[in-house]
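Undergrad: this one's sequence-less:
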Ligand code: SAH
């Protein structure tokens, strides 16, 4: 069978470097693993050969699905869109890990979905755009620190494992890539309202150059005296996860 023709709309850049593929596969712990976007299976082959792993893969591209059926008939493969996949149906209970050389065009959405299942996903790892990897892993004061950094770091320890150059993909993407691993930390609750925490982080970073006094005015209610507190004179990029939690509790107290 012919190889799969790369489609831009699906973010298809097939990895050619088997060393990188093997190292990504090695980030998966034993147990149930869901691979997103296996493509032609470069990563899949290493996951399948690990007897400790129970692998399921989901692929949106029909042509890739046919290819995978032919080359990896033993693979438990779902044809469909990960973003629409009902994970509670696939895994009614228990933990599972998520892995992939991800479609870069939807990587943020993938991570927001992982966050929705954070208590059942102990590890999420794989390859993404380098810029996004830096954002996930960076801390306060760093210019790439943003919404996903705070929301993910609240629940996961994030490791930047390696940078991967453009030329090991076919076709080469326009950007560099990086391998990351996120491991669930020990936090069981935020100590504040989770929904409000998300809204606060999003509202603050939507105007990242402004003091939070301005960007959080809507959430607090205009002229709310709480906005006089010192923390509101700061910019979101300076705040740690703990400080965002504190901020959320301040806003919560005036919403009651
Ligand atoms: N893992 C392969 C392919 C990476 S390219 C490799 O390393 O070579 C990204 C893959 O994700 C493509 O195969 C693409 O078809 C698939 N994909 C894109 N959007 C998807 C979605 N919403 N759900 C599942 N797979 C998707």
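TA: Great, that's in hand. All figures in this text were calculated on a predicted structure; none of them were measured in a lab.

Undergrad: so which helix or strand takes in the most centrally placed residue in the chain?
TA: The centroid of the chain falls nearest to residue 111 when counting by CA atoms, centre = their mean (2.7 Å). Secondary structure from DSSP states H and E places residue 111 in helix 107-116.

Undergrad: look up which residues are beta-bridged to the closest residue to the ligand within the stretch 151-256 of the chain.
TA: Of all residues in the stretch 151-256 of the chain, residue 169 sits closest to the ligand, at 7.4 Å by CB to the nearest ligand atom. All C-beta atoms are positioned from the backbone trio N, CA, C, and that covers glycine. Taking DSSP bridges as the rule, residue 169 bridges to residue 15.

Undergrad: wait, what's in contact with it?
TA: Contacts for residue 169 (CB atoms under 8 Å, 6 or more residues apart in numbering) come out as 13, 14, 15, 16, 177.

Undergrad: per-residue pLDDT, it?
TA: Here, the pLDDT recorded for residue 169 equals 97.

Undergrad: any chance you could map the helices in the stretch 151-256 of the chain?
TA: Along the stretch 151-256 of the chain, the segments classed as helices by DSSP state H, counting those that start in this stretch run 194-206, 212-215, 217-220, 241-255.

Undergrad: can you add distance to residue 43 and give those back as JSON lines?
TA: Shown next, in JSON lines, are the helices of the stretch 151-256 of the chain (distance: least, CB to CB, whole Å):
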{"stretch": "helix 194-206", "distance to residue 43": "31"}
{"stretch": "helix 212-215", "distance to residue 43": "40"}
{"stretch": "helix 217-220", "distance to residue 43": "41"}
{"stretch": "helix 241-255", "distance to residue 43": "31"}
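
Undergrad: the ligand contacts on this structure?
TA: Residues of the chain lying close to the ligand (CB under 6 Å from any ligand atom) are 10-15, 36-40, 42-43, 58-61, 64, 81-83, 100-101, 103, 106.

Undergrad: would you mind confirming that residue 129 is in contact with residue 107?
TA: Yes - counting by CB atoms under 8 Å, residue 129 touches residue 107, with 6.7 Å between them.

Undergrad: between the two, which contacts overlap?
TA: When contacts are counted by CB under 8 Å, 6+ apart, the set common to residue 129 and residue 107 is empty.

Undergrad: low pLDDT regions in this protein?
TA: Per-residue confidence for the chain (pLDDT under 70) gives these ranges: 1, 256.

Undergrad: the domain parsing of it - what is it?
TA: The chain breaks down by automatic domain parsing into domains covering 8-184, 194-255.

Undergrad: what is the neighbour count of the closest residue to the ligand within the chain?
TA: Relative to the ligand, the nearest point of the chain is residue 37 (2.2 Å; CB to the nearest ligand atom). Residues within reach of residue 37, counting by other CB atoms under 10 Å, total 22.
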